[in-house]
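>>> got a predicted structure plus its sequence, pasted below:
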Amino acid sequence: MQDSKILVFGKDGQVGKAFQEKLANHANVTFMGRDECDLTNADQIIAALQKYKPQIIINAAAYTAVDKAETDINQAQLVNTIAPSITAQYITNIPYGQLIHYSTDYVYDGTKPTPYDEKDETNPLCQYGKSKLGGEQAIQDAFVSNVNNTGKYFILRTSWVYGDGSNFIKTMLKLAAERDQLKVISDQYGVPSSAVWLADIALKLISSDAESGIYHAVPDGHTSWHGLATYAIKLAKDSGALLKVDPKDIQAIPATEYPLPAPRPYHSRMSNQKLKDALLLSSLPNWEDQVSEYVKKIVSK
C-alpha cells in the first residue's frame, strides 16, 4: 500500500481527519474536501479521478444531515448514491484497485431484536438511509457489471461515529456544563464507533486478504443514547471536568418524546463477526474502552 496512489474524499469530516493523521507519512496521498471536489458535481469527481489516478479510493464523505435529507432528497442522492457509483466505476478499471466506502446502520429498520449481520434484509426508514443503501448497491453493481475487474471494494457499515468534529458525545458534555438536567433517549440502541478506529480498520482491510463485500465496522458491545451520555459524563467528571450535571440527573426518555423529521431505527446493533473473521481477530475493542480514551483526551485539553 505504501507505494499506491491514494485519494481520500471527505477530508474535513471526523473519519477524514482520522485518515489525515493515519496517512500523514504516506508517500502519495491526496485529501479532498468540499472545496477541492464538490461531490454533487459528477464532472468534478471525474476530473479529480483523472487528475490523480488513484489506485486506492477512500470515501469518507457523506451527506449526513439526516433530518434535512427528508426534504433535500436530491442532494443526499447525489452525494450518497451517485458519487460512490462514479468512484466504483472508476476503480473497477484500475488493476488491483481498491475502494473503501463508509455506510450506516440506517440501512436497517431496527425491528430485529438481535444484532444485524451483513446478510439481513435492509429496509431504511428515512431518505438518508435510502440514499446510503443506494450507494452500497451502486458499488456492488459496478463490480458485478465489470467482469474483467481485478479490484476489491469494502463497504463498512458503522454507527454513532465520534472523533475530531461535532458529535453526540461532545454535545452532551457541552450541555452538561451549561444545564442542571438533561433528557436523553433511552430506547434506541446502537454501537458508538471511534473515527480513528474506523480509519485503522480500513487500512487493515486494504492490506489484508479479505474478500470484497459489506462489513459491519463497529466495536464490541452496545448501548443506548442515554447509556452513552451517562457513561461519557461520568468519565468526564471523574477526569476533572467541571460539569453541572451528574449521571443521576440525566433523565431517560422514549424517542416519542423527542420527535424528529427523519425516523430512526430503534435497534441498530450490528454483529462484527464477519469483520473479525476477515482480519483473523478473536475480538475487537469494546465501545466503552474507546469512549473512555476519547473523553479523557477531550477533558485533558
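Yep, that arrived. What you see is a predicted model, and the numbers here were worked out from it, not measured in a lab.
>>> give me the contacts around stretch 241-261.
Applying Cβ atoms under 8 Å, 6 or more residues apart in numbering, the contact partners of stretch 241-261 are 66-67, 70-71, 173, 175-188, 226, 229-230, 233-234, 236-237, 264, 266, 299. Heads up, the C-betas are built off the backbone N, CA and C, glycines and all.
>>> hang on, isn't W160 packed against S194?
No - applying Cβ atoms under 8 Å, one finds W160 not in contact with S194, separated by 9.9 Å.
>>> now stretch 216-227 - C-alpha only, PDB.
Provided in PDB are the C-alpha atoms of stretch 216-227 (Å, rounded to 0.1, in the frame of the first residue of the first chain):
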ATOM      1  CA  HIS A 216     -20.100  -4.200   9.900                       C
ATOM      2  CA  ALA A 217     -17.300  -2.000  11.300                       C
ATOM      3  CA  VAL A 218     -18.300  -1.400  14.900                       C
ATOM      4  CA  PRO A 219     -16.600  -2.200  18.200                       C
ATOM      5  CA  ASP A 220     -17.900  -4.900  20.600                       C
ATOM      6  CA  GLY A 221     -20.800  -4.200  22.800                       C
ATOM      7  CA  HIS A 222     -23.800  -1.800  22.500                       C
ATOM      8  CA  THR A 223     -25.700   0.800  24.400                       C
ATOM      9  CA  SER A 224     -28.500   3.400  24.200                       C
ATOM     10  CA  TRP A 225     -28.100   7.100  23.700                       C
ATOM     11  CA  HIS A 226     -28.900   7.500  27.400                       C
ATOM     12  CA  GLY A 227     -26.300   4.900  28.300                       C
END
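>>> OK, contacts around T81?
131-132, 134-135, 138.
>>> would you check how far apart it and R157 are?
Applying Cβ to Cβ, to the nearest Å, the value for T81 to R157 is 15 Å.
>>> again, but for Q251
Taking Cβ to Cβ, one finds Q251 at 31 Å from R157.
>>> could you do A60 as well?
In terms of Cβ to Cβ, A60 sits 14 Å off from R157.
>>> any shared contact partners between those two?
What both A60 and R157 touch, as defined by Cβ under 8 Å, 6+ apart, is the set Y102.
>>> dump the residue contacts of the nearest residue to H222 once chain neighbours are set aside.
For H222, ignoring the flanking residues on the chain, the nearest one in space by Cβ to Cβ, 6 or more residues apart in numbering is R269 at 4.5 Å. R269 sits next to 114-116, 189-191, 222 when contact means Cβ under 8 Å, 6+ apart.
>>> which of those sits closest to K51?
Ranked by distance to K51 (Cβ to Cβ), the contacts of R269 are led by V191 at 37.3 Å.
>>> which parts of stretch 179-186 are buried?
By 16 or more other Cβ atoms under 10 Å, the buried positions in stretch 179-186 come out as 182, 184-186.
>>> distance to S212, pLDDT and secondary structure for the residues you listed - can I get that in a markdown table?
Listed next are the buried residues of stretch 179-186 as a markdown table, based on distance: Cβ to Cβ, whole Å; pLDDT from 0 to 100; DSSP: H, G, I helix; E, B strand; the rest coil:
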| residue | distance to S212 | pLDDT | secondary structure |
| --- | --- | --- | --- |
| L182 | 43 | 94 | strand |
| V184 | 38 | 96 | strand |
| I185 | 36 | 95 | strand |
| S186 | 38 | 95 | coil |
